[in-house]
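[1] Sequence first, then the predicted structure:
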Amino acid sequence: MTSQIYKSGTVNNINNFCQSIVSKKYINNAQESANSTITCILGRTAAYEGRMVTWDEIMKANVRIDPKLDLPANGVDWQG
């Protein structure tokens, strides 16, 4: 049954979102979204620096992450 876990989770999330709008009981998942983003930043930093990075270290860091990516105009360059 694990093959359907992502699909069923997605369907449930969409249903919950739509129901929150209809019922005007809006979902506030800002904290979960922030935690998810910070977790990604933590993993990215650890990978780039090749060391263990702590949550506290990331929270105290004053680093600007440039959202501008240098991507090929026609999509991903898989050939390098």
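    Received it, and whenever you're ready, just let me know what you need.
[2] which SSE is residue 8 in?
    helix 5-23 (DSSP states H and E).
[3] Take that helix, keep the C-alpha atoms, and write them as CSV.
    Extracted C-alpha coordinates of helix 5-23, given in CSV (Å, rounded to 0.1, in the frame of the first residue of the first chain):
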residue,chain,number,x,y,z
ILE,A,5,0.8,7.0,0.1
TYR,A,6,1.9,10.1,-1.8
LYS,A,7,-1.1,10.1,-4.0
SER,A,8,-3.6,9.7,-1.1
GLY,A,9,-1.7,12.3,0.9
THR,A,10,-1.9,14.7,-1.9
VAL,A,11,-5.6,14.1,-2.5
ASN,A,12,-6.2,14.5,1.3
ASN,A,13,-4.3,17.8,1.3
ILE,A,14,-6.2,19.2,-1.6
ASN,A,15,-9.5,18.2,-0.1
ASN,A,16,-8.6,19.8,3.2
PHE,A,17,-7.5,23.0,1.5
CYS,A,18,-10.7,23.2,-0.5
GLN,A,19,-12.8,22.5,2.5
SER,A,20,-11.0,25.2,4.5
ILE,A,21,-11.9,27.7,1.9
VAL,A,22,-15.5,26.6,1.6
SER,A,23,-15.9,26.6,5.4
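[4] Buried residues in that helix, which are they?
    Buried positions in helix 5-23, judged by neighbour count with 16 or more other C-beta atoms under 10 Å: none. In short, each C-beta sits where N, CA and C put it, glycine included.
[5] Name the residues that touch it?
    Here helix 5-23 makes contact (C-beta atoms under 8 Å, 6 or more residues apart in numbering) with 26-27.
[6] just how off-centre is that helix within its chain?
    Centre-to-centre, helix 5-23 and its host chain are 18 Å apart (C-alpha atoms, centre = their mean, to the nearest Å).
[7] Then stretch 42-56?
    Using C-alpha atoms, centre = their mean, the offset of stretch 42-56 from its chain centre is 16 Å.
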